[in-house]
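**Q** Generate a structure from the sequence data that follows.
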Amino acid sequence: MKKVLIILLGVVVVIVLAFFGLRGYTKRYSPDAMASFNKDGLDIKVKYCQPSKKNRVIFGGIVPYGKVWRTGANEITEITFKQDVNIANKTVKAGSYALFTIPNKEDWTLILNSGNRTMFGTRNWGTQYKQENDVHRLKVKKQDTESETEQFTIKIQDDQNGKGAVMYLMWDQIQVNVPIKKN
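**A** Predicted coordinates:
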């Protein structure tokens, strides 16, 4: 009985070490990043990982058109609103959501999903998408850019009229603009 417990303990230790080793390895190539905005009562935070282009075809290549994408790398991209907001003319309740997208040639679908945490409270791995956890699906505009963004980047800035913010998703020669306003 003692030998079985020792073997089981050894297996658990190896699995835990392998998990942290793999996580460290992937973080080296797609590091953690955060985008935040806090102005006039509009408070937004986005935690994500930044994959690099590395001379690859991104959209329509490693990120296929018409399929759900984790919007970054590694763990899910998590967006948090401290108050109710309006995104692309839809009300979104305050809280934290997994941010997925469906890239298309003409426009993108932004998906806010409630399945962003494991039972242990950590962020889910980005491949664990379940459509039944979708809270909102929103159409957003995509535009081609002349300059190339090597590393996937999310930034949030004031909108043009100062009544909210715009979240930009940028990678390769694509930029997606997501308008966000206080509700």
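
**Q** Just give me the residue right at the centre of the protein.
**A** In the chain, the centroid-proximal residue (C-alpha atoms, centre = their mean) is Thr77; its distance is 2.2 Å.

**Q** residues in contact with that residue?
**A** Thr77 is in contact with 46-49, 70-71, 98-100, 126, 154, counting by C-beta atoms under 8 Å, 6 or more residues apart in numbering. Just so you know, the C-beta spots here come from the backbone N, C-alpha and C atoms, and that holds for glycine as well.

**Q** Check Ile62 too.
**A** By C-beta under 8 Å, 6+ apart, the contact set of Ile62 is Arg56.

**Q** for it, phi and psi?
**A** Dihedral pair for Ile62: phi -70, psi -20, per degrees, to the nearest 10.

**Q** so Lys39 makes contact with Ala165?
**A** Yes - using C-beta atoms under 8 Å, Lys39 makes contact with Ala165 at a distance of 7.4 Å.

**Q** what's the overlap in contacts for these two?
**A** By C-beta under 8 Å, 6+ apart, the residues touching both Lys39 and Ala165 are Asp158.

**Q** which of the two has more neighbours?
**A** Taking other C-beta atoms under 10 Å, Lys39 and Ala165 do not tie; Ala165 has more neighbours (22 against 14).

**Q** Now do the helices in this structure.
**A** Using DSSP state H, the helices of the chain run over residues 2-29.

**Q** how about low-confidence regions in it?
**A** 4-5, 10, 13-29, 116-127 (pLDDT under 70).
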